[in-house]
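Engineer: Take a look and give me a structure for this.
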Amino acid sequence: MIANYHTHSYHCRHAGGKPEEYVLTAIKNGLSELGFSDHVPCPFSNGHTSGFRMYVNETETYVNEILELREKYEDKIKIYVGYEAEYYPKEFEGMLGNIRKYPLDFIICGQHFLRNEYDGPYSGAPDNSPEKLAEYVDQVSEAMSTGVFTYVCHPDLINFTGEESVYRKEIVRLCEASVRYGVPLEYNCLGLEGHRHYPRDLFWKIVAESGADTVIGSDAHVPDRVAHPEVTALAEDKMRRFGLVPLQRVSFKDPN
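Structural biologist: Numbers count the residues shown, from 1 in each chain. Presented below is the predicted three-dimensional model:
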């Protein structure tokens with residue numbers, strides 16, 4: 001692993017450590033590129049406040065801190081300003097309008113809730129509803145179609161517990177969108193190490209059959225998990241078993 005674009009910090013209110021601690025770990029573990037992707041601030045039109053993302057008024061502070069680190073460590077590692085963001089149709093333009101006020105390199109899509117968060121269910125809750133699964137695939141596919149998202153992180157977050165044939169049909173659709181729009185899918189190290197319901201083997205078998213591009217993401221919420229050698233090696237081995245070769249670097253979609 002030479003690049004990681006899925007990195008959190010204390011700014012997102014549920015991770016620990018300052019950005020500089022993540023940078024130092026990335027350098028120690030041999031990365032040549034590090035992208036910060038804290039959970040995007042969103043000025044919800046109805047006043048809703050998330051409990052797992054930075055506040056809107058912290059946006060400039062977040063960006064400035066990363067830019068300072070970019071300059072400080074420019075001879076050792078490339079550092080990028082990014083966000084992990086959901087695609088919420090009613091809130092999308094407002095969210096983009098806020099973060100586009102400041103320097104911005106990339107956005108990755110992590111669809112934690114359906115619809116607009118305040119009016120939709122959590123994507124990762126166990127559910128056997130084909131309708132919820134289809135809605136998730138529709139929304140992530142629409143996100144990819146915007147041309148804003150560089151890749152989809154933990155795309156198998158959707159926790160479908162119903163018939164395998166239904167799951168396969170819908171994930172094939174998601175992979176087709178990934179190929180159509182040129183948006184890679186992330187194999188998530190946090191889920192792997194934490195024995196979560198993702199990464200899901202069936203999902204990645206379908207990805208391998210589809211020819212979609214893939215990438216490994218640390219999803220680091222504490223500094224020592226950035227490109228952790230043992231976890232990264234395990235992820236690479238898992239992907240190898242599916243016949244997948246993850247991208248070492250990604251080409252950013254222009255989010256501006």
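Engineer: So Tyr187: helix, strand or coil?
Structural biologist: State at Tyr187, reduced to three classes by DSSP: H, G, I helix; E, B strand; the rest coil: strand.
Engineer: Could you tell me what pLDDT the model assigned to it?
Structural biologist: The model reports Tyr187 with a pLDDT of 98.
Engineer: Contacts for stretch 43-61, please.
Structural biologist: Outside stretch 43-61, the residues within contact range by Cβ atoms under 8 Å, 6 or more residues apart in numbering are 11-14, 38-42, 62, 90-91, 94-95, 98-99, 101-102, 112, 116-118. To be clear about C-beta, it is placed using only N, CA and C from the backbone, and glycine gets the same treatment.
Engineer: Start and end of that stretch, how far apart?
Structural biologist: Using Cα to Cα, to the nearest Å, the span of stretch 43-61 from its first residue to its last is 16 Å.
Engineer: what pLDDT, on average, does that stretch get?
Structural biologist: Rounded mean pLDDT across stretch 43-61 is 96.
Engineer: With stretch 239-256 instead?
Structural biologist: 98.
Engineer: just how off-centre is it within its chain?
Structural biologist: 12 Å (Cα atoms, centre = their mean, to the nearest Å).
Engineer: can you check stretch 200-209 too?
Structural biologist: With Cα atoms, centre = their mean, you get 18 Å for stretch 200-209.
Engineer: Name the residues of that stretch that are buried.
Structural biologist: 200, 203-208 (16 or more other Cβ atoms under 10 Å).
Engineer: mind listing which of the contacts of stretch 43-61 are in helices?
Structural biologist: 62, 94-95, 98-99 (DSSP state H).
Engineer: I'd like the residues you listed laid out as JSON lines, including distance to Leu234.
Structural biologist: Shown next, in JSON lines, are these (distance: Cβ to Cβ, whole Å):
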{"residue": "Tyr62", "distance to Leu234": "31"}
{"residue": "Gly94", "distance to Leu234": "39"}
{"residue": "Met95", "distance to Leu234": "34"}
{"residue": "Asn98", "distance to Leu234": "37"}
{"residue": "Ile99", "distance to Leu234": "33"}
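Engineer: Filter the residues you listed down to the buried ones.
Structural biologist: 62, 95, 98-99.
Engineer: Give the rounded mean pLDDT of stretch 141-156.
Structural biologist: Averaging pLDDT along stretch 141-156 gives 98.
Engineer: do stretch 115-124 as well
Structural biologist: Rounded mean pLDDT across stretch 115-124 is 98.
Engineer: Now do that stretch: distance from first to last residue.
Structural biologist: Note: stretch 115-124 ends 14 Å apart using Cα to Cα.
Engineer: Any buried residues in that stretch, and which?
Structural biologist: Neighbour-count burial for stretch 115-124 flags 116-118, 120, 123-124 (criterion: 16+ other Cβ under 10 Å).
Engineer: Just give the nearest non-adjacent residue to Asp219, would you?
Structural biologist: Take Asp219 and drop its neighbours on the chain: the residue closest to it by Cβ to Cβ, 6 or more residues apart in numbering is Leu190, 3.7 Å away.
Engineer: so what secondary structure elements neighbour the host helix or strand of the one you found?
Structural biologist: Leu190 belongs to helix 189-193 when assigned by DSSP states H and E. Counting contacts by 3 or more Cβ pairs under 8 Å, 6 or more residues apart in numbering; DSSP states H and E, helix 189-193 packs against helix 229-241.
Engineer: Fine by me, thanks again.
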